[in-house]
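Novice: quick check, what structure comes out for this input:
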Amino acid sequence: MSDDDVPSPPMESDGMIHHPKGDSDMNFFDAMEAIYLDDIMQHQELVAAAAAETPTTSSSRSSGGYRVGDDDDDDDDDDDGEFPTKDGTKRTPMTRGDISRRRRLREMAHEQRMKLEGRIRSRRRRLVAMMNEPGFVMTMDKLSFVCGVLIIMIIEAVMLLVPRRMDLLYITLLVPLMIARYVTYRADRQHYFMYDFCYFAQIMLVLQTYAYPNDEKLGRAMFSISNGPLLLAIVMWRNSIVFHSFDKMTSMFIHILPPLVTFCHRWADHLSRGTFPPYESMDGSISDIIGDFWFVPFCYYALWQVAYLAKTEVISKKKLEYNTEMMTSLRFLTRKKNSTSYKLMSAFGEHNQLPTFVLIQAVYTMITLLVIPLLWHSIWFHAFYLAIIFVVALANGATYYFHVFARRYIEEIGKRVSDDRDGQ
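Specialist: Have a look, this model is predicted:
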């Protein structure tokens, strides 16, 4: 299951879900700067460490300086003052000049790192100040709004005119969206959300589309996963069509694009010919229907669940226990003890939250797969089903714009102006 494929978390007083996926304060540029700065600091530390480990040369022996470990007696001339290293070679003992030189190198590396860090932070402050100007914020939101509407129009045109090209549009949108989401989540310590089922489903769909396009079993399994747990997650997590919000539109596209792609896979011939029969006869026995649309898709889900638990409960268990700020789906759902989701996850006791979480996801997946055979055998029912989910997302977006956005947006602009003045 994905982080978006579990019962919806509690709502705040404004009527909207405050999920870290959609309400992160860190933008793309902040994330890139944070990761870049961290890489620079690590690089400078490696430079300093390398300078400290630079071996001395034989020339230092002839400098005439006092060498650490030298003996005043001349009885040890047979070893020529050298000693073996780990790799079997001989290294000359350090002189006081060597020690001083290495100390200066470390100080120089630290000074250069501080200067570079200062320049990066200075440029970031100027960039953030520019991005926080009300005019710039409004311009970017307008641009995001226009792009969001255009993408919806392009998707509609491709589905109606060239449905077989939906694969190309899907991968064209998916790659930049996933890169931007990873960068943002990584810097905000939310990247474990990307181990969830909805992202696993994207990988599976790409493999099915481009690596195994003729595999009927896999094709039906991806049809079931895309139009089952992935599509219903829009309702469960109240994904909304908010065109000016990159985060919210990314979440929406992650869950709506696979169903649209599989719709085109299934009905491309009908869309091209303009024929829409209300129902097609079942092409197989009942056991085939159960196996193709329920059992095999659930096996893929179970495979993901095992891999997810291995990652979070075995491989990265100590890392997650040490870094409590790193967010996972279960942590998000249980972060507030007075919330409905916390009570649901603790139905069998707080110590059983993890198995309860796994059980709820499994039951949700099985329930959402029940309707899949009807979608597979009726283009009308499939189109109507997609339309209903899309209307729900539109309604969520309308609620956000009229009940939340009008008030919050003005407050946010005012706060940025105030912060900008305080920083001057």
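Novice: how many other residues sit next to His377?
Specialist: When neighbours are defined as other CB atoms under 10 Å, His377 has 18 of them. Quick note: C-beta positions are derived from backbone N, CA and C, even for glycine.
Novice: you'd agree it is up against Glu280?
Specialist: Yes - here His377 lies in contact with Glu280, judged by CB atoms under 8 Å, at a distance of 4.9 Å.
Novice: for stretch 210-220, buried residues please.
Specialist: By neighbour count on 16 or more other CB atoms under 10 Å, the buried set for stretch 210-220 is 218-220.
Novice: closest to Thr365 out of those?
Specialist: When these are ranked by distance to Thr365 (CB to CB), Arg220 comes first, at 15.8 Å.
Novice: what helix or strand is that closest one on?
Specialist: helix 216-225 (DSSP states H and E).
Novice: give the other helices and strands that that helix contacts.
Specialist: helix 197-210, helix 246-273, helix 296-310, helix 372-377 (3 or more CB pairs under 8 Å, 6 or more residues apart in numbering; DSSP states H and E).
Novice: please tell me how far it is from the chain's geometric centre.
Specialist: 24 Å (CA atoms, centre = their mean, to the nearest Å).
Novice: contacts for it?
Specialist: For helix 216-225, contacts defined as CB atoms under 8 Å, 6 or more residues apart in numbering pick out 201, 204-205, 208, 212-213, 258, 262, 265-266, 292-294, 296-297, 300-301, 369, 372, 375-376.
Novice: which helices and strands sit right next to the next helix or strand after that helix?
Specialist: Using DSSP H and E, the next helix or strand after helix 216-225 towards the C-terminus is helix 231-236. If contacts are counted by 3+ CB pairs under 8 Å, 6+ apart, helix 231-236 sits against helix 246-273, helix 353-369, helix 379-399.
Novice: just the buried residues of the longest one, please?
Specialist: In terms of neighbour count (16+ other CB under 10 Å), helix 246-273 has its buried residues at 246-268, 271.
Novice: same question, stretch 183-192
Specialist: Quick answer for stretch 183-192 (16+ other CB under 10 Å): 183-185, 187-188, 190-192.
Novice: off-centre distance for it?
Specialist: 6 Å.
Novice: what do you get for stretch 128-138?
Specialist: For stretch 128-138, the distance to the chain centre is 26 Å (CA atoms, centre = their mean).
Novice: what's the answer for stretch 359-372, then?
Specialist: Taking mean C-alpha positions (CA atoms, centre = their mean), stretch 359-372 and its chain are 24 Å apart.
Novice: just stretch 397-412 next, same as before
Specialist: Offset of stretch 397-412 from its chain centre (CA atoms, centre = their mean): 26 Å.
Novice: check stretch 298-316 too.
Specialist: That offset, for stretch 298-316, works out to 17 Å (CA atoms, centre = their mean).
Novice: residues contacting it, please?
Specialist: 1, 192, 195-197, 200, 204, 221, 225, 229, 320, 328, 354, 358, 361-362, 365-366, 369.
Novice: would you mind writing the CA trace of stretch 353-360 as CSV?
Specialist: Extracted C-alpha coordinates of stretch 353-360, given in CSV (Å, rounded to 0.1, in the frame of the first residue of the first chain):
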residue,chain,number,x,y,z
GLN,A,353,0.2,-0.6,15.6
LEU,A,354,2.4,-2.1,12.8
PRO,A,355,0.5,-5.3,12.3
THR,A,356,-2.8,-3.3,12.5
PHE,A,357,-1.5,-1.0,9.8
VAL,A,358,-0.5,-3.9,7.6
LEU,A,359,-3.9,-5.5,8.1
ILE,A,360,-5.8,-2.4,7.2
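Novice: buried set for it?
Specialist: For stretch 353-360, by 16+ other CB under 10 Å, it's 353, 356-357, 360.
Novice: average pLDDT across that stretch?
Specialist: For stretch 353-360, mean pLDDT rounds to 93.
Novice: go on, stretch 168-183?
Specialist: The model assigns stretch 168-183 a mean pLDDT of 94.
Novice: need the residues that contact it.
Specialist: 28, 31-32, 35, 151, 154-155, 158, 191, 194, 199, 202, 205-206, 209-210, 246, 250, 253-254, 257-258, 260-261.
Novice: which segments of this structure make up each domain?
Specialist: Domain assignment for the chain, taken from automatic domain parsing, gives 41-127, 135-423.
Novice: lowest average confidence across these, which one?
Specialist: Among the domains of the chain, domain 41-127 carries the lowest mean pLDDT, at a mean of 61.
Novice: ramachandran coordinates for Val242?
Specialist: Main-chain dihedrals, Val242, degrees, to the nearest 10: phi -120, psi 100.
Novice: can you check Thr334 too?
Specialist: Dihedral angles (degrees, to the nearest 10) for Thr334: phi -110, psi 20.
Novice: I'd say it and Lys343 touch.
Specialist: No - using CB under 8 Å, Thr334 makes no contact with Lys343, being 9.6 Å away.
Novice: in terms of packing, which of the two has more residues around it?
Specialist: Thr334 (21 against 12).
Novice: roughly how far apart are the more buried one and Arg238?
Specialist: Separation of Thr334 from Arg238 (CB to CB, to the nearest Å): 19 Å.
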